[in-house]
Each structure stands twice: as C-alpha cells, then as structure tokens.
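In: what's the 3D shape of this:
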Amino acid sequence: MSNKIIVNGDALKIKDVYDVSLKNKEVSFPDDLSFKNKINKCRDFLESYIKKGYPVYGVTTGFGDSCHNQISPEKSELLQRSLVNFHGVGFGNFFSEEECRAVTLVRLNSNAKGYSAVRLEVLELMRDFLNNGIVPVIPELGSVGASGDLTPLSYLAAALMGERKCYYKGQILDAKDGLKKAGLKPVKLQAKEGLALMNGTSVMTAIAALAYVDIEKLANISDFLTGVTVGILNGNDIPYRSKVSEIKNHPGQLESAEKIYKVVEDTKRVHKYEHLLNKIGTIEENQYKKTDFKIQDRYSVRCAPQITGVLRDTLSFSKVWIENELNSANDNPLIDAENNIIYNSGNFYGGHMSCACDYLRIALANISDLSEKQAELIVDGKYNSLTENLIPDLEGSPEKQGLFHGFKAAQISITALCSEIQFLSAPVSIHSRPTEAMNQDKVSLGTISARKLREMVDLLYIQFGIHLAAVLQAIDLIGKNEFNGRVQKVYNELRKIVAFVKEDRPLDNEIRALSKFLKESEIFNNLD
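Out: Got it, this is the predicted structure:
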C-alpha cells in the first residue's frame, strides 16, 4: 500500500493536510484512467465552449465588476497573466513554509475535483512542487475571503509560472531559481487557469485545518490542567463522573469529563465524594455547624467539563465544515462537463471557514479564561494551601525569607496573554465591508478569521506553558507521589524542560521551550 496521500478532490482529511505540511508526506494522483479522463474532459469542454464566442467569465471577460468587458479568445492567455500580475499586492509577514505547503495541497485538491478546467500538467506541477520541496512564498495580508483568497493565491500561481519567490531547502529564492534547482519547468497558464488557481478558499481552509490539529491538543491540555488542579486544591471527583455528563447530553462535555477523571482518579489528594461526606460528618443535634471542608469546588474546576466540552463540540462540527471545504470545488466559474453547463456562482465565498474560525476562537477564549482562573487558585497562597506564589518553604533559611516571589510575575503574564486572547475572540465574519466597485459587496473575511485563530492558538500554547510550569512547582511542593501515574508521566517529561524554581530566575526561555514541546508532542493525546 502506498504511503502517499492520494489527491482526487474528494477524500482529503485534516490529518492529510497536517502530514503533507509538517511531515513532508508525498502526494500522488489516482492510478486509474478515470481521474485523468475527468480532468481532460473538463478542459476539453471549456476550450470547445470558448470557441463558440459566448462570454465566459474571467476567461473572455474582465474580472469582477469589469465582467462587462468581453475580449477575443486569442487574448485569454494574456488575461490570465494580467490577473496574476495585478493581484501581486500582498503585504505583511509571510505565511510559514509549512502553511504555504498546506495552501498548495488544498488548492491542488480543489482543482483536482474536476470542475476548474485546469490542464493536467498544471496539477502535476503543483504535485511536483509538494514532492520536491518547492513552496510558494505567500504574504499574509490582502484577502477579504470572497472572491476567495485572490491575492495570496496569486503568489501560488506566480510561483508555478516561475515568478516571485519560493521556499526551497530552507531558503527563500526567486521562483525561477528554485524550480531550476529542483529540475522543474514553469508552466504558462492558459485560459481560466489563473482564475482556477486563485479564485477559491484554499488559504483560509489550509490555515484552519492546521489550527484544528493544534486545538485538539489544546483541549487535551486543558482537561489535564483541570484534573491536576483538582488534585493540587484537594478537590472532589463528583463533577467528572460520567453519569453527570451523560444526563447533560453534550458529547464534548462527556469526553472532557472522562479525560479529567483519568487525571484525578487514584490521586491521593482528590476526595472521593463519599469519603468527603464522612470527613464532614452529620450535623447530629446541632442547629449550625461550620466545617473545614467545602462540599463542592469553585466553578473553574467544577464546571470545567461544561467549558472545555463546548470547545470539543465546536471542534466536532468544525471538522465537518473544514473537511467539506477541503474537498469542494470553490472557484468561479465552475465547469460542469457532465451536463455541459458553466456556472457563474459564489463557491469562492469563505463563509463556513470564517464562521468556523470565529466559533473556535470564542471557545478557545473560554478555555484560556478557565486556565487563568485555575492558575490563580494554584499560585495564590490564599487558596492553594501551599505557599505564597509557590515559593519553596524557607522556614529553615531566615536569611532568604521575604526575598523571593516565585510565580507572581508568571501569573501576571498569564493574565496578559488571556487578555490578548479575549481581544482576538471577537467575531470577524460580521465585519464585512464592500469593495471592488461594489461587486464584492458582501465578503467573508475568512482568511482574517483563520489568521486570528492561528495567532490565538500560538498565544494559548504560551499561556498553557506558564500554567504547566506552575503546576510542576506545586507538584514538587506537595510531592509527586501524591498524584497518579498519568500525572507523574507528564511531570517526568516536562521536568526535563523546566526546572524547579528554588530561587527567583527568569523563566522566559524555559517557557518558550515548554510551549514548543506542547505544540510538537503527543503526550497529552496519549494519556489513556
């Protein structure tokens, strides 16, 4: 069985995007002739239609509001070059090499569906880009998400033509030089092909797909943080028992509760509810009794499954939306060779991606807020039953008492990051504004929403890195044998990156390293 990702326009998964983009997995087309026949039939129909002399949008007409300008078929190739050229107005930072690989794959898959009328050799060159390490350099700014990602995707189209810039073996080169080093030849785009490459949702969808993989990890980290926080705070296990979430009916909540329970079970500091009642005892004949134990915990631990569960359920429907978009024909016009129809339509509109990223950002902001509240409880000496700011016990060292402040500033940084994340959570999709001579009068802003999602993800990895460093400190103050094997497994790995804070020291580099580990590791996905 081939280890390559098969690209046919219909079966691309989020995991495939991740594997091609970050693990450099190769791609190929189906071996059967039906795939080639599908691509060739679509192209042949378009070429025969052009010869009839009727206007074909973006092929023998101008673009957007200029579609009333009709040109002769002989000019169609020059028109595609013009399209690529005038959209070379992207700005800002470049998407990473991995993100640009994802964009190339996603655009290839859409064009391979058989409704874009690109020639097979264009698809083959995109495939060869991926398999030979040629990656277009794409600026982040310039798309309103309808008509798709025109400006950023023009950088892909240009690279295929041997123009603008590309990544190759860790360097940014002129595209013509990168192709030459890889032994590839640029393509000369023909009628419709520039538009087919550019007029779609592939940038926003690629960024959303990669973010999705990170967010799954963040959901698992969030549930681990909740479970270990319960242990640090001597909480009780009732909120995470399966029956509670089963009768609430939300699958995401049930999944989070189960993951949290695996962290709290057999942790010595977590009260079994029945044992807690025995410790509290009955009121007997008294009219009033004040106990040393609270019968239930604060919302930021007790309601955590109801919070992270929302993120999990948001991931669930977002996965459907993202993978539907990955396998969609989303340019304009669409060429239906089976029914001999050309559709002037709006599949380039990124509404589903924009809203999916909006919803994910809102759900992520809530687990960021949850983390901030939990971190307060484990750092603040008024709540953690340990020490102020998790400083070591200094009773035997009076000369050092009063000098150290432990995780005080770390907590402030968590709050700062949480505030940034909350700022980024505002919906983007509702901020449409008209452009391009009022032709694009309602736009999706999907790429902006996806970019903000990625930015939020990166910030949350840092926040969770600080939170976990505080957790490790608390575990050492308590004794790691008080926690179950799952917690000790994580502790042992993370302690290789962040050392115990005996005396105040800068933590920034260690937190960066820990955040990088969280992004790359599968440890929180495999605690079962």
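
In: domain ranges for this structure?
Out: The record's domain split for the chain, according to automatic domain parsing, is 5-198, 210-270+298-525.

In: okay if I get those domains as CSV plus mean pLDDT, distance to Thr282 and mean neighbour count?
Out: The way it works is simple: take the backbone N, C-alpha and C, and place the C-beta from them, glycine included. What follows is the domains of the chain, written out as CSV (pLDDT from 0 to 100; distance: least, Cβ to Cβ, whole Å; neighbours: other Cβ atoms under 10 Å):
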stretch, mean pLDDT, distance to Thr282, mean neighbour count
domain 5-198, 97, 54, 20
domain 210-270+298-525, 95, 18, 19
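
In: Tell me where the stretch 101-250 of the chain has helices.
Out: 120-132, 150-160, 175-182, 193-198, 202-232, 242-246 (DSSP state H, counting those that start in this stretch).

In: whoops, I mixed them up, the stretch 251-400 of the chain
Out: Remark: helices assigned in the stretch 251-400 of the chain by DSSP H, counting those that start in this stretch are 251-264, 273-280, 299-302, 304-326, 351-379, 381-384.

In: Out of the ones you listed, which is closest to Leu125?
Out: With Cβ to Cβ as the criterion, Leu125 lies closest to helix 304-326 of the helices of the stretch 251-400 of the chain, at 20.5 Å.

In: which other helices and strands contact that closest one?
Out: Other helices and strands packing on helix 304-326, by 3 or more Cβ pairs under 8 Å, 6 or more residues apart in numbering; DSSP states H and E, are helix 14-23, helix 97-111, helix 202-232, helix 242-246, helix 251-264, helix 351-379.

In: Now that helix - C-alpha only, PDB.
Out: Once side chains and other backbone atoms are set aside, the C-alpha atoms of helix 304-326 remain, and they are given as PDB (Å, rounded to 0.1, in the frame of the first residue of the first chain):
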ATOM      1  CA  ALA A 304     -14.600  22.700  33.500                       C
ATOM      2  CA  PRO A 305     -16.200  19.800  31.500                       C
ATOM      3  CA  GLN A 306     -19.000  22.200  30.600                       C
ATOM      4  CA  ILE A 307     -16.400  24.700  29.400                       C
ATOM      5  CA  THR A 308     -13.900  22.600  27.600                       C
ATOM      6  CA  GLY A 309     -16.700  20.400  26.400                       C
ATOM      7  CA  VAL A 310     -18.000  23.400  24.400                       C
ATOM      8  CA  LEU A 311     -14.700  23.500  22.600                       C
ATOM      9  CA  ARG A 312     -14.800  19.800  21.900                       C
ATOM     10  CA  ASP A 313     -18.300  20.100  20.400                       C
ATOM     11  CA  THR A 314     -17.200  23.100  18.400                       C
ATOM     12  CA  LEU A 315     -14.300  21.100  17.000                       C
ATOM     13  CA  SER A 316     -16.700  18.300  16.100                       C
ATOM     14  CA  PHE A 317     -18.800  20.400  13.700                       C
ATOM     15  CA  SER A 318     -15.900  22.500  12.600                       C
ATOM     16  CA  LYS A 319     -14.100  19.300  11.400                       C
ATOM     17  CA  VAL A 320     -17.100  18.600   9.100                       C
ATOM     18  CA  TRP A 321     -17.100  22.100   7.800                       C
ATOM     19  CA  ILE A 322     -13.300  22.200   7.200                       C
ATOM     20  CA  GLU A 323     -13.200  18.800   5.500                       C
ATOM     21  CA  ASN A 324     -16.200  19.600   3.400                       C
ATOM     22  CA  GLU A 325     -14.400  22.800   2.300                       C
ATOM     23  CA  LEU A 326     -11.100  20.900   1.700                       C
END
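
In: and the angle for it with helix 97-111?
Out: 50 degrees (axes from the mean of the first three to the mean of the last three Cα atoms, to 10 degrees).

In: from now on call the first residue 51
Out: That works, and once the first residue is 51, the last one we named lands at helix 354-376.

In: How far away from the center of its chain is helix 354-376?
Out: On the basis of Cα atoms, centre = their mean, to the nearest Å, helix 354-376 is displaced by 11 Å from the centre of the chain it belongs to.

In: Kindly report the same for stretch 420-431.
Out: Computed by Cα atoms, centre = their mean, the chain-centroid distance of stretch 420-431 equals 26 Å.

In: Next up, phi/psi of the residue nearest to Ile330 when sequence neighbours are not counted, please.
Out: Setting aside the residues directly before and after it, Ile330 is nearest to Thr341 in space (Cβ to Cβ, 6 or more residues apart in numbering), at 5.0 Å. The phi and psi values for Thr341, taken as degrees, to the nearest 10, are phi -110, psi 170.

In: Thr341: neighbour count?
Out: Close neighbours of Thr341, defined as other Cβ atoms under 10 Å, add up to 11.

In: and the gap between it and Gly331?
Out: 8 Å (Cβ to Cβ, to the nearest Å).

In: Then Asn159?
Out: In this structure, Asn159 and Gly331 are 65 Å apart, going by Cβ to Cβ.

In: next one: phi and psi at Gln490?
Out: Note on Gln490: its backbone torsions stand at phi -90, psi 70 [degrees, to the nearest 10].

In: by how many degrees do whichever strand or helix holds Gln472 and helix 401-429 diverge?
Out: Counting by DSSP states H and E, the secondary-structure element that holds Gln472 is helix 458-474. Following the same axes, to 10 degrees, one obtains 160 degrees for the angle between helix 458-474 and helix 401-429.

In: Helix 458-474: what's the following helix or strand?
Out: Towards the C-terminus, the helix or strand next in line after helix 458-474, according to DSSP H and E, is helix 496-528.

In: tell me the angle of that next one relative to helix 200-210?
Out: 90 degrees.

In: packing partners for helix 496-528?
Out: On a contact count with 3+ Cβ pairs under 8 Å, 6+ apart, helix 496-528 meets helix 252-282, helix 401-429, helix 458-474, helix 535-544, helix 558-570.

In: Distance to Leu376 added to those helices, as TSV?
Out: Formatted as TSV, these follow (distance: least, Cβ to Cβ, whole Å):
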stretch	distance to Leu376
helix 252-282	6
helix 401-429	10
helix 458-474	24
helix 535-544	33
helix 558-570	22
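
In: how far off helix 558-570 does the helix holding Gln472 point, in degrees?
Out: Taking the same axes, to 10 degrees, helix 458-474 and helix 558-570 form an angle of 50 degrees between their directions.

In: CA atoms of helix 458-474 as PDB?
Out: Taking Å, rounded to 0.1, in the frame of the first residue of the first chain, the C-alpha atoms of helix 458-474 are listed here in PDB:
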ATOM      1  CA  LYS A 458       3.900  36.100  40.900                       C
ATOM      2  CA  ALA A 459       5.000  37.600  37.500                       C
ATOM      3  CA  ALA A 460       4.300  34.400  35.800                       C
ATOM      4  CA  GLN A 461       0.700  34.800  36.900                       C
ATOM      5  CA  ILE A 462       0.600  38.300  35.600                       C
ATOM      6  CA  SER A 463       1.900  37.100  32.200                       C
ATOM      7  CA  ILE A 464      -1.000  34.500  32.100                       C
ATOM      8  CA  THR A 465      -3.400  37.300  32.700                       C
ATOM      9  CA  ALA A 466      -1.800  39.400  29.900                       C
ATOM     10  CA  LEU A 467      -2.000  36.500  27.500                       C
ATOM     11  CA  CYS A 468      -5.500  35.800  28.400                       C
ATOM     12  CA  SER A 469      -6.500  39.400  27.800                       C
ATOM     13  CA  GLU A 470      -4.800  39.300  24.300                       C
ATOM     14  CA  ILE A 471      -6.700  36.100  23.600                       C
ATOM     15  CA  GLN A 472     -10.000  37.500  24.600                       C
ATOM     16  CA  PHE A 473      -9.400  40.500  22.400                       C
ATOM     17  CA  LEU A 474      -8.800  38.100  19.500                       C
END
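
In: Please report how far Thr110 lies from Phe398.
Out: If you measure Thr110 against Phe398 using Cβ to Cβ, the figure is 19 Å.

In: Let me see the contact set for Pro105.
Out: For Pro105, the set of contacting residues under the criterion of Cβ atoms under 8 Å, 6 or more residues apart in numbering consists of Thr111, Cys117, Gln120.

In: ok, it to Ser126 distance?
Out: From Pro105 over to Ser126 the distance is 11 Å, taken as Cβ to Cβ.
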